[in-house]
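# Got a sequence here, can you build the structure:
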Amino acid sequence: MSIVATVFIPEGIIMSADSRLTGTTKHNDSGIIDRHTLSDNSQKIFLIKDNLIGISCCGNATISGKSVGDFIRSFEIEKVEKQDDVCSIAIKLKDYTMSNHGDGVIYHVCGYLNDVQYIYVIINKEITRINIDSNEKTVWAATWHGEQDILQKLLLGDNHLQFDWNFMQLKDGIDLAEFMVDLTCKTQRFTSGLATCGGAIDILVITKDYTKWIKHKVLNP
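All right, here's what the predicted structure looks like:
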């Protein structure tokens, strides 16, 4: 599993993710299945459509025999067209994933259309734009998927932390997105069981004016 977080505030969208890839080994003699770390360099945030739309993912590491990174690249080549925007891409990605038996992969798809933020979460056949309320009014907040329990307790549990999302500045949003991933990784380090989150933290910022990697284990370490 992984931890991916997206913070969406008036100044922009911040996407963050860890880098750990875990796998399983089944021992034929005993039938016991062991989980173990395969790599701490897995890429979980991607830019497509002329580097305007961000996609982060967690869950299953492969789809139809391809890594998720290769799968998203194939999706861009085969399905994304010049006229596509963040809304149509989110729908196409959901359909493309399901047509390739990609159950178990969760996506955050983020970008702007006519200076309006769009934050989509895709879980199997369900696609939800999460930055609007029931009255179609824009809301500012954060979302996260993967290993959720640690952040659920901190941000949604009894006596949870509260933020003034309307006035949160971009740098503060960047720090919060990094904190959410870092807290999950470090808490797992000190608890029993396999730490399924770890490695470098990648951070992508998307605003109305630019898209920038704040941290990228390869491009901007």
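# Residue nearest the middle of the chain, spatially speaking?
Closest residue to the average C-alpha location of the chain: Ser56 at 3.3 Å, with C-alpha atoms, centre = their mean.
# quick one, what contacts it?
Val4, Thr6, Met15, Ser16, Ala17, Lys44, Ile45, Phe46, Tyr107, His108, Leu204 (C-beta atoms under 8 Å, 6 or more residues apart in numbering). To be clear about C-beta, it is placed using only N, CA and C from the backbone, and glycine gets the same treatment.
# What of Thr187?
Contacts of Thr187 (C-beta under 8 Å, 6+ apart): Ile150.
# Tell me the pLDDT of it.
For Thr187, the pLDDT comes out at 95.
# buried stuff in the helix or strand hosting it?
For Thr187, the enclosing helix or strand under DSSP states H and E is helix 170-189. Within helix 170-189, the residues scored as buried using 16 or more other C-beta atoms under 10 Å are 170, 172-185, 187-188.
# Any idea what the nearest residue to Ser42 once chain neighbours are set aside is bridged to?
Nearest residue to Ser42 in three dimensions, chain neighbours excluded: Leu21, at 3.8 Å (C-beta to C-beta, 6 or more residues apart in numbering). Beta bridges link Leu21 to Ser39 when assigned by DSSP bridges.
# what's the spacing between Leu21 and Asp202?
13 Å (C-beta to C-beta, to the nearest Å).
# what's the overlap in contacts for those two?
Joint contacts of Leu21 and Asp202 (C-beta under 8 Å, 6+ apart) do not exist.
# So if I had to pick from these two, which one is more boxed in?
Ranked by neighbour count (other C-beta atoms under 10 Å), Leu21 and Asp202 place Asp202 first, with 28 against 20.
# so what's the backbone phi/psi at that one?
When read as degrees, to the nearest 10, the backbone of Asp202 gives phi -100, psi 140.
# ok, it - contacts?
Going by C-beta under 8 Å, 6+ apart, the list of residues near Asp202 reads Ser16, Ala17, Ser19, Gln43, Lys44, Ile45, Trp213, Lys215, His216, Lys217.
# likewise Ala5?
Per C-beta under 8 Å, 6+ apart, neighbours of Ala5: Met15, Ser16, Ala17, Ala142, Thr143, Trp144, Leu151, Ala177, Met180, Val181.
# Over to Pro10?
Contacts here follow C-beta under 8 Å, 6+ apart; on that basis Pro10 touches Trp140, Asn166, Met168.
# How many neighbouring residues does the closest residue in space to the second one that isn't next to it in sequence have?
Distances taken as C-beta to C-beta, 6+ apart put Trp140 closest to Asn166, at 6.1 Å, once the chain neighbours are dropped. Under the neighbour criterion other C-beta under 10 Å, Trp140 is assigned a count of 18.
# any idea how far Asp164 is from Trp140?
Distance from Trp140 to Asp164, by C-beta to C-beta: 9 Å.
# now Ile201
24 Å.
# of the two, who's got more company?
Ranked by neighbour count (other C-beta under 10 Å), Ile201 and Asp164 place Ile201 first, with 23 against 9.
# among the helices and strands of the protein, which has the poorest mean pLDDT?
strand 21-26 (a mean of 78; mean pLDDT, DSSP states H and E).
# okay, the contacts of Ala5 in CSV with distance to Ile127 next?
Below are the contacts of Ala5 laid out as CSV (distance: C-beta to C-beta, whole Å):
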residue, distance to Ile127
Met15, 17
Ser16, 21
Ala17, 20
Ala142, 19
Thr143, 14
Trp144, 17
Leu151, 22
Ala177, 22
Met180, 23
Val181, 23
